[in-house]
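Visitor: predicted model and sequence below, questions to follow.
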Amino acid sequence: MPGRLRRPRSCFREPSNYRQETGSSPIRSTANIVCMNTRPSTRPAQPHFSLGRFLVPFIVLLLQWIACRACATAAVVATPRITLIVFADKPMPEGEWQSLFRDLRQDYSVLAVQTHVSLGAFDIIRGDSLIPGLEVDSSISIYLHGECTLRGQPGLSVPQGTLGWVLRNQGNIEPFIHVDCSRIGEMLTNYAQGMNHDLRNNVMAEAISRVVLHEWIHVATQSPMHGRDGVAKSSFRVADLIPSFWPQVAAASHGK
């Protein structure tokens, strides 16, 4: 049911249990009573052929097929359209927004193939352009924490900690996804030297998108379980964050 969209409460605490690595009646039998003629018959009884007896099973099967088709159609129609609302702690250039939205759409198609999870159709809007009173079928809020712009400064320490997380309330995984851009940047910064501005935007956008999709699976399936590979893995390396760019990035880093 469409509802008035409200800006979700922002909760920036990290839970310890969500790491992106990342409850006889009686039976009556019935019988038909057949009226029999007690007068003697002068000729042998002829077998009685009833067309209805043969048609009834086919009619029942036909009605069942029609009902199943109607249920399937109704299920498709009833699937809510999801609206992703992305909030950023710090201002992001327009190019970074465009790269992120593009990667979310592209990675979604890959996600459906790899995990066999259908998340339904979705729209993406920026939190800073949210229209008051906007009504949507269903929404997921995405919070980008820290600096989401990839810098080319060498890292001074090995990045550790959670890249993304979701919150669970009374057994339900809430539709709020948190992504730590600062930690993602720490993982990528040593590879960013030599990248131009557009490439940095694209690399960072893909990394953020992969973390978002990982957490989105938890929300969609209402399960904290992880997979053995792909975007559903419990922990990400750089190659898992940027699979499209990793061959290029790895080759460039070995050439230094």
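Guide: That came through fine. Numbers count the residues shown, from 1 in each chain.

Visitor: residue boundaries of the strands in the protein?
Guide: Per DSSP state E, the chain has strands spanning 3-4, 82-88, 122-126, 135-136, 138-145, 164-169, 172-180. These are given in chain order.

Visitor: list the buried ones in the last one?
Guide: Meaning strand 172-180. Applying a neighbour-count criterion of 16 or more other C-beta atoms under 10 Å, the buried positions in strand 172-180 are Ile173, Glu174, Pro175, Phe176, Ile177, His178, Val179, Asp180. Using the backbone N, CA and C atoms, a C-beta is placed for each residue, glycine as well.

Visitor: pull the residues that contact that strand.
Guide: The set of residues external to strand 172-180 that reach it, using C-beta atoms under 8 Å, 6 or more residues apart in numbering, is 8, 11-12, 14, 138-146, 161-168, 208, 211-212, 215-216, 218-219, 222-224.

Visitor: relative to it, what are the paired strands and their orientations?
Guide: Looking at strand 172-180 with DSSP bridges, its paired strands and their directions are strand 138-145 (parallel), strand 164-169 (antiparallel).

Visitor: could you report the neighbour count for the nearest residue to Gly146 once chain neighbours are set aside?
Guide: Among residues not flanking Gly146 along the chain, Ser182 sits closest, at 3.1 Å (C-beta to C-beta, 6 or more residues apart in numbering). The number of residues packed around Ser182, counting by other C-beta atoms under 10 Å, is 17.

Visitor: got it, and Ala88?
Guide: Residue neighbour count, defined by other C-beta under 10 Å, stands at 21 for Ala88.

Visitor: from what I see, it and Glu147 are in contact.
Guide: No - with contact defined as C-beta atoms under 8 Å, Ala88 does not count as touching Glu147 (9.9 Å).

Visitor: out of the strands paired with strand 172-180, deepest packed?
Guide: Among the strands paired with strand 172-180, strand 138-145 has the highest mean neighbour count (mean count of other C-beta atoms under 10 Å), at a mean of 21.

Visitor: alpha carbons only: can I get that strand in CSV?
Guide: Output of strand 138-145 as CSV, limited to C-alpha atoms (Å, rounded to 0.1, in the frame of the first residue of the first chain):
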residue,chain,number,x,y,z
SER,A,138,8.4,0.6,-0.7
SER,A,139,11.7,2.2,0.2
ILE,A,140,15.2,1.4,1.3
SER,A,141,17.4,4.1,2.7
ILE,A,142,21.1,4.0,2.0
TYR,A,143,23.5,6.1,4.2
LEU,A,144,27.0,6.8,2.8
HIS,A,145,29.2,7.7,5.8
